[in-house]
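A.B. asks: below are the sequence and a predicted model for it; my questions follow.
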Amino acid sequence: MKQSKTLLKEKFSTGKYEGNKWGGKYLRAPDIFFTILEKGKGKLVRLGDIAEVRFGIKTGANEFFYLDEARIKEWGIEEEFLKPVIKSPRECKSILIKPEDLKYKVFMCHKDKKDLKGTNALKYIEWGEKQGFHKRPTCASRQRWWDLTEIKSPIISKRFVDVVFSYYWNKSNFAVGDTFFVIDSNDELYNLGLALYLNSTVGSFLTEIEGRKSMGEGVLLIYGPEIKNILIINQNVMGDLKKQNPMLFERKSKSVFEELGINPSLPIREQKPNPLPDRKALDDIVFDILGLTEDERTEVYWAVCELVKHRLEKARSV
């Protein structure tokens, strides 16, 4: 442990982990965290160093831009001006975002009014102006107040985590609301590998390490700065991970305890982890890349369960 922390200090002094608030959470991190740092030397980088992390679309007037089917039918807005949008984590039924799970479309019009003559879209914009939406600060800052900038959003991070860790895979690039952060490395194949890695148990463990635990009710806050600080596998060693068929993406994510076959009501370290088969298949690829032994793999499973259990128990005791 002492040697591991010394190594971390050396890395930190060179600036490699500058954003990670040395002296705080890393001093309280489980020993396996430092093992991952040691074995991941030359393989791990900050997510923010290789990918863009930003808010989803800030509309400035959600009641105008987000439309359900009834509203769309009422106005008869043309399909070319509508795009499926992921508005809430409740719509994310699986890691892979599916169109049938989305309830809303976002008004997405990039044309001037003169080019919209005779359309219901123009009538809708004019109605919006009568409501004063165009005067709101975010809307007024745009050249065309109704013209939302489209954001490439292959990976989606929710802001709040309880016991379910998921980074959503937005394969179809649906629009994403600002209740999420979006992640993009600008490399389609690496984005898939990155999504797989973030949904591995190592990804969940490092998310738990980085997240803020001051939200109350045991909720972990994972905001832009925390996401950028998560250590990820760099592209040079991603290897077969980005070629995997992500079967895990097709099903609903379960609590970390269910995923790993751990009963949180019993002592964690008296149990042998029994991860779900698709979970284990993904984890083994990540563990192999990092060169973790069988005992170290078990330690990762124990550590993430202990951290989540402690977070929940601490919230109940306050």
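C.D. replies: Everything's here; your move. Residues are numbered from 1 along each chain as shown.
A.B. asks: skip the chain neighbours and tell me the closest residue to the residue positioned nearest the centre of the chain.
C.D. replies: Nearest to the mean C-alpha position of the chain, counting by Cα atoms, centre = their mean, stands Ser157 at 1.8 Å. Excluding the flanking residues, the one nearest Ser157 by Cβ to Cβ, 6 or more residues apart in numbering is Phe181, at 4.5 Å. For the C-beta atoms, the positions are set from N, CA and C on the backbone; glycine is no exception.
A.B. asks: thinking again about what came up before, tell me the bridge partners for the residue nearest to the centre of the chain.
C.D. replies: Tyr167, Phe181 (DSSP bridges).
A.B. asks: related to what we said a few turns ago, and the gap between the residue nearest to Ser157 and Leu116?
C.D. replies: From Phe181 across to Leu116, the span is 32 Å (Cβ to Cβ, to the nearest Å).
A.B. asks: so the two - more neighbours on which side?
C.D. replies: The residue with more neighbours, out of Phe181 and Leu116, is Phe181; 23 against 19, by other Cβ atoms under 10 Å.
A.B. asks: what residues are up against the spatially closest residue to Leu102 that is not a sequence neighbour?
C.D. replies: Distance criterion Cβ to Cβ, 6+ apart; nearest residue to Leu102, sequence neighbours excluded, is Pro84 at 4.9 Å. Taking Cβ atoms under 8 Å, 6 or more residues apart in numbering, we find Pro84 in contact with 99, 102, 104-106, 172, 174-175.
A.B. asks: between those residues, which has the most around it?
C.D. replies: Busiest of the contacts of Pro84 [other Cβ under 10 Å] is Ala175, holding 25 neighbours.
A.B. asks: who's the closest residue to that one other than its chain neighbours bridged to?
C.D. replies: Spatial nearest neighbour of Ala175, chain neighbours left out: Val85 (4.1 Å); criterion: Cβ to Cβ, 6+ apart. On the basis of DSSP bridges, Val85 is bridged to Tyr104, Ala175.
A.B. asks: helices of the chain, start to end?
C.D. replies: For the chain, applying DSSP state H gives helices covering 2-13, 31-39, 47-50, 62-65, 69-75, 120-130, 137-140, 188-198, 201-210, 224-229, 235-238, 256-260, 277-290, 294-317.
A.B. asks: quick one: residues in contact with the fifth one.
C.D. replies: Read that as helix 69-75. The contact list for helix 69-75 (Cβ under 8 Å, 6+ apart) reads 67, 82, 105, 120, 123-124.
A.B. asks: can you list these in a markdown table and add distance to Thr293?
C.D. replies: Output for the contacts of helix 69-75, formatted as a markdown table (distance: Cβ to Cβ, whole Å):
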| residue | distance to Thr293 |
| --- | --- |
| Leu67 | 53 |
| Leu82 | 52 |
| Lys105 | 50 |
| Asn120 | 63 |
| Lys123 | 66 |
| Tyr124 | 61 |
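A.B. asks: show the buried residues in the residues you listed.
C.D. replies: The neighbour-count test (16 or more other Cβ atoms under 10 Å) marks 67, 82, 105, 124 as buried among those.
A.B. asks: got any ranges where the stretch 101-250 of the chain has weak pLDDT?
C.D. replies: The stretch 101-250 of the chain contains residues with pLDDT under 70 at 214-216, 240, 242-245.
A.B. asks: how about 50 then?
C.D. replies: Judged against pLDDT under 50, the stretch 101-250 of the chain has no low-scoring part.
A.B. asks: any idea how this protein splits into domains?
C.D. replies: Using automatic domain parsing, the domains assigned to the chain come out as 2-54+157-176+186-317, 58-140.
A.B. asks: most tightly packed of those domains?
C.D. replies: Counting by mean count of other Cβ atoms under 10 Å, domain 2-54+157-176+186-317 has the highest mean neighbour count of those, with a mean of 18.
A.B. asks: now that one: how far from the chain's centre is it?
C.D. replies: 11 Å (Cα atoms, centre = their mean, to the nearest Å).
A.B. asks: my read is that the residue nearest to Ser157 contacts Ile227, right?
C.D. replies: Yes - contact criterion Cβ atoms under 8 Å: Phe181 and Ile227 qualify, at 5.8 Å.
A.B. asks: so which of the helices of the chain is nearest Asp112?
C.D. replies: Closest approach to Asp112 among the helices of the chain (Cβ to Cβ): helix 120-130, 10.0 Å.
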